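[1] 3D, please:
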Amino acid sequence: GTGKSTICDAIDFVCNGRFGSLQDKSTSVRTSDAVVAIGSAPQEVEVQLAYAGLRWLAKLKGTKVDVKGPDDRPSAHILRRSDITRVVEAAPKEKYEALKLFIAVPRIEKAEKSLRDAIAATKKEVDARGLAKERADEALGALWRAAGSPGAGVDAWAHEIVSQDPRELEERLKTFSAQLSTLNALGAARDQTTAARARHEQASAVHAAVTQRAQTASAGAPARQQALISLLRETKAFLGNADAPESQSVDCPVCGTPSTAAHLREHVNAQLHALAAQAALQTELEQATRQRDSAHSALLNAEESLLALESRMQDVGGTGDLDARRSALQAALHNGRRAVAECGAIQQHLQAAGDKEAPIIQAFETQLRLERMLDAVEARRKAYVDGVLRDISATVDALYARIHPKEDLGDVKFYLKPNTIGSLEFDGRFQTERSVSPASYYSEAHLDTLGLCVYLALAKHTRQGSVVVLDDVLTSIDDAHLGRVIQLLHDEAPSFNQVIVTTHFRAWRDKYRFSHAPSQQVQLIQLHRWSLERGIRHSRDQLWVDDLRAELEREPLDRQSLASKAGILMESTLDHLAQLYRCRLPRKPEGDYTLVELARSFDGKLKRALTVQRDGMAFPLETALNRIDATAWIRNQVGAHFNTQAAMVPDDEVRAFAQLALDLASALVCPQCGQMPARSRNGSDFECQCGRTHLQPLLAPG
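    Okay, the predicted model is just below:
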């Protein structure tokens, strides 16, 4: 509720263009909407960053982060508690995703994906062409079997078929078709001739019968009567063709006597009626003559056509059994057409099979080349990543050993899982067992520190000079391990531009305030109660020595506060020395030792031996320790409890007590790095972070 994660998210926002911790959470709204403060508009989101004399300004632009400023903005590596959980406890694929930013080679992986896509597309092409060729081969086989499986095999038979000249086949078909047409025409001509002959014979017979009857009838009639009938008919025809009106006078064409046309026609009709029987017979004879002549003409034409067709058939095999010839020609034409169609189908299937074969071979060769390329690229990438992971594993193991010395833990090894894409695994040692999963054997504190070491190693290897932000990542470790973690961070800090730590863990802050850690190399910022109206508020945290010095100079003097703070500083300093030299103290479950108990834990030999060395000068601690033992009661009477005796203690004695605490702290705390000597690097004494201040002896005298 103080806003520390919001500050970390703001650093992520401007340095990395991300939405910070919100980006890894599942929310009901868009992350770009959730980043906006309550009651504010998206366009009001703004982060300003001042760094190394340069400035950047980041704003929200739609769903993206828009950063204005120099191109070389600092990169920030932000480690959160959720990141530790992902890297040490998640599934292999999620581990890879968590560390992908540091170990992945995006352009190479993109190239691998392109190669895989190309291989899949080429394989699909090979399969499709192969299927088409297989179908063409099956179709050829079916045609071959339908043809009775001739020859030495499908291919030989198919090539023999298609080797025929298609023009020759077409010419043969035309010949067969023409012969069949001629044969059909000959048959039709024979039928027509037969029919014409029958009609001619019938018409001749009818004409002969009518002629016989006409001759019989004319034998009893005078010749003059026959001539009269003819004359009357001609007259009637003449009158029918005349152009004169009915009432107009005309001359009789026979006798020349004047008369009207109507009168003449009436007279002619009367005469003809009298001669009707003879006239009817005459008409019938004329009609029979015409029919006979017409049938004779048709017969002549049919016979002429028949002779022509028979002449043509003589050139192609004669005019024998037409039905047999027709059946043979029809069979030949059918077989020829089937042969042409079969040849076309075979040609098509052969071409399909042949057209597919070369592209199949080419595509398959392309597929093999692409697969070899993918294998080479993938092998090089994995070799590179494996090399990075080996380096990181070695760094992680070295860092982890400094936090957990002599604990039978470590030997951490990261590796990519074989035959998988984007899958990362790691194992370590637990007691006598090697290659075990740390998540199954390590405690929560050990997993937390392991995750911290992993991210420090990654940032160190892949982001030299970046800003490292640790957002409340360690809450489960004890005081001893916390001290080693702090020491580790200070040792590794030169690899980065800046290290920012946010925490609720008050003991971490107090390590610096009481100079148990290199306080001169840090800025302590305390965040106060947060509210929507006032936003994030903060102040600079003072070291306990600085706070006590300010209290000592304050007017009017706050006796109780001064004595209390001086006593707390003394207790912290003496507790540090007592732990270094394993001084004897009364056993207490909580370890809450009083100032008097701590002051009296140092025996005479140790007091006389305790000396601070700095810049060639020695500062014995015996006098200060004895004075603390003699004046510790001031803290109890003035600064800790209510009692009437406190009023009898002069202000100068309270000030002297506070000054004694300052003198002891000033002697032990290095003015350069701000840490009391706490570790032994040379095997002869204790020294501070920077190595300027030393504390002797290394071991308490026996």
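[2] Strands of the stretch 51-200 of the chain, start to end?
    Counting by DSSP state E, counting those that start in this stretch, the stretch 51-200 of the chain has these strands, from start to end: 54-61, 64-68, 76-80.
[3] in its sheet, what does the second one sit against?
    Here strand 64-68 has these sheet partners by DSSP bridges: strand 54-61 (antiparallel).
[4] Show me the contact partners of the strand it pairs with.
    Residues external to strand 54-61 that are found in contact with it (CB atoms under 8 Å, 6 or more residues apart in numbering): 13-14, 17, 32, 35-36, 42-43, 45-49, 65-70, 73. For glycine as for every other residue, the C-beta is placed from the backbone atoms N, C-alpha and C.
[5] In it, which residues are buried?
    Buried residues in strand 54-61, counting neighbours by 16 or more other CB atoms under 10 Å, are found at 56, 58, 59, 60.
[6] Where does confidence bottom out across those residues?
    Minimum pLDDT for the buried residues of strand 54-61 is recorded at residue 60 (90).
[7] what's the spacing between that one and residue 210?
    As defined by CB to CB, to the nearest Å, residue 60 lies at a distance of 122 Å from residue 210.
[8] Residue 79: neighbouring residues, count only.
    Using other CB atoms under 10 Å, residue 79 is surrounded by 23 other residues.
[9] Also residue 555?
    Residues near residue 555, counting by other CB under 10 Å, number 5.
[10] Could you look up the SS state of it?
    Per DSSP: H, G, I helix; E, B strand; the rest coil, the secondary structure class of residue 555 is coil.
[11] How much space separates it from residue 562?
    12 Å.
[12] Likewise for residue 115?
    Counting by CB to CB, the gap from residue 115 to residue 562 is 74 Å.
[13] out of the two, which sits in the busier spot?
    residue 562 (23 against 18).
[14] quick one, what contacts the more buried one?
    By CB under 8 Å, 6+ apart, the neighbours of residue 562 are 548, 551, 552, 639, 654, 655, 658.
[15] In terms of distance to residue 102, which of the residues you listed ranks first?
    Proximity of the contacts of residue 562 to residue 102 (CB to CB) peaks at residue 548, which lies at 44.2 Å.
[16] Surely that closest one and residue 663 touch.
    No. Applying CB atoms under 8 Å, one finds residue 548 not in contact with residue 663, separated by 11.2 Å.
[17] quick one: which of these two has more around it?
    Regarding residue 548 and residue 663, a neighbour count based on other CB under 10 Å identifies residue 548 as having more, with 23 against 15.
[18] where's the more buried one relative to residue 629, distance?
    Going from residue 548 to residue 629 by CB to CB gives 20 Å.
[19] Which one, of the strands of the stretch 51-200 of the chain, ends up nearest to residue 283?
    Taking CB to CB, strand 64-68 is the member of the strands of the stretch 51-200 of the chain nearest to residue 283, at 115.0 Å.
[20] I'd like the average pLDDT over the closest one.
    The pLDDT scores in strand 64-68 average 93.
[21] So which bits of that strand are buried?
    65, 67.
[22] C-alpha coordinates for it, CSV please?
    Output in CSV follows, covering the C-alpha atoms of strand 64-68 (Å, rounded to 0.1, in the frame of the first residue of the first chain):
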residue,chain,number,x,y,z
LYS,A,64,1.3,1.1,-26.4
VAL,A,65,4.0,3.0,-24.5
ASP,A,66,5.4,6.0,-26.3
VAL,A,67,8.9,7.1,-25.1
LYS,A,68,10.5,10.4,-26.1
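[23] Helices along the stretch 151-300 of the chain, start to end?
    Ranges of helices within the stretch 151-300 of the chain are 154-162, 166-219, 223-241, 261-274, 276-314, based on DSSP state H, counting those that start in this stretch.
[24] which stretches of the stretch 451-600 of the chain form strands?
    Using DSSP E, counting those that start in this stretch, the strands of the stretch 451-600 of the chain run over 467-471, 498-502, 525-527, 538-540.
[25] so what strands line up beside the first one?
    Partner strands for strand 467-471, per DSSP bridges, with pairing direction: strand 76-80 (parallel), strand 498-502 (parallel).
[26] so how far is it off the chain centroid?
    Distance of strand 467-471 from the chain centroid (CA atoms, centre = their mean, to the nearest Å) equals 32 Å.
[27] what does the second one give?
    On the basis of CA atoms, centre = their mean, strand 498-502 sits 37 Å off its chain's mean C-alpha point.
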